[in-house]
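In: Generate a structure from the sequence data that follows.
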Amino acid sequence: MVGRTHGIHAEPTTAGLVFALWYEELGRDRVRVERAREIISVGKLSGAVGTYSGVPPTVEADALAGLGLEPAPVANQVIQRDRHDEYLFSLAVTAASIEKIAVNIRHWQRTEVGEASEPFRKGQRGSSAMPHKKNPILCENLTGLARLVRALASTGHENVALWHERDISHSSVERLAFPDATTALDFMLHRMAGVLEGLNVHTERMMENLEMTGGLVFSQSVLLALCRAGIARSEAYARVQRNAMIGWDSGRGLLELLREDPEVVEPLGLEALESCFDLDQHLAHAVEVVDRVIPQEGA
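Out: A predicted model of the protein is given here:
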């Protein structure tokens with residue numbers, strides 16, 4: 001399939017490489033949440049301002065052990081809210097990762113692209129007015145919920161700064177932010193899992209889009225080949241770009257144009273030039289990258 005930068009065709013890539021990128025990022029998200037859970041799993045019974053004026057530290061340790069918590073090394077009247085902030089932040093980052101996947105799928109599902117689409121069950125209606133529609137409503141829903149989780153996470157930043165040994169400006173917002181953010185992310189994870197499990201991948205359309213620009217996606221391969229042949233990079237870039245721009249405007253294939261350009265053919269030779277347009281050669285390392293990210297069965 002074609003890779004895109006700035007929304008514009010860039011170079012060939014593979015769907016597997018895209019999926020591996022998502023997989024690895026969600027793995028980091030999981031580590032963040034687990035770390036934040038550990039950081040927030042502390043308690044305190046150290047009195048109104050943290051001086052143990054009522055009970056000794058040994059009582060605190062025994063009581064918290066029964067709850068599976070560690071004593072905070074130091075506290076005032078409350079556990080310090082930077083811990084809670086980190087937890088909400090980890091949820092927000094995970095939500096952002098889910099949104100990134102959702103936005104990518106939404107673009108793939110556009111009529112003009114058509115490379116993949118979210119599940120569409122039998123009897124489902126895409127539009128109340130237009131029967132032909134298949135709208136990416138699940139991914140749009142996930143995009144909206146990501147905004148909600150990020151907004152709730154911002155309250156964690158605001159709650160860190162309390163007056164002296166404690167005020168209760170954090171209390172009211174936490175009663176809403178924590179259950180809402182946690183529940184929303186749980187829903188998002190389940191919804192995204194369903195989208196990915198039922199994702200419709202349209203490989204023929206991927207190939208059509210890859211070939212749409214007549215080989216322009218191989219321009220860098222030609223550029224680098226010219227550099228290896230001893231042409232200064234700026235000059236090599238100019239030689240390839242002038243042909244690529246003609247290709248954009250005329251619809252002619254890049255290889256066809258380059259074959260007619262002696263300043264490209266003479267330093268490379270036709271065989272080396274044509275090898276720059278070899279898709280298998282271009283993607284030779286893609287499987288290696290996927291294999292090192294996604295564990296294989298039996299490995």
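
In: Need the three-state assignment for the closest residue to Q77 other than its chain neighbours.
Out: Spatial nearest neighbour of Q77, chain neighbours left out: R166 (3.8 Å); criterion: Cβ to Cβ, 6 or more residues apart in numbering. The way it works is simple: take the backbone N, C-alpha and C, and place the C-beta from them, glycine included. With DSSP: H, G, I helix; E, B strand; the rest coil as the basis, R166 sits in coil.

In: burial measure for R166, as a count.
Out: 16 (other Cβ atoms under 10 Å).

In: now V222
Out: Residues near V222, counting by other Cβ under 10 Å, number 24.

In: ok, it touching D261?
Out: No - using Cβ atoms under 8 Å as the test, V222 is too far from D261 to be in contact (10.2 Å).

In: Okay, domains of this structure per the record?
Out: Following automatic domain parsing, the chain resolves into domains at 14-44+79-119+131-208, 216-276.

In: in the stretch 1-150 of the chain, which spans are strands?
Out: Along the stretch 1-150 of the chain, the segments classed as strands by DSSP state E, counting those that start in this stretch run 2-5, 8-12, 42-43, 70-71, 116-117.

In: Could you verify my assumption that the residue nearest to Q77 touches A75?
Out: No - R166 is beyond contact range of A75, at 9.7 Å (criterion: Cβ under 8 Å).

In: for the closest residue to V59 other than its chain neighbours, what are its contacts?
Out: Among residues not flanking V59 along the chain, L45 sits closest, at 6.6 Å (Cβ to Cβ, 6+ apart). Neighbour list for L45: 55, 59-60, 63-64, 71 [criterion: Cβ atoms under 8 Å, 6 or more residues apart in numbering].

In: try A95
Out: Per Cβ under 8 Å, 6+ apart, neighbours of A95: 145-146, 149-150, 184-185, 188.

In: same check, this time on K133
Out: The neighbours of K133, taking Cβ under 8 Å, 6+ apart as the test, are 126-127.

In: Any chance of the backbone angles for it?
Out: When read as degrees, to the nearest 10, the backbone of K133 gives phi -80, psi 140.
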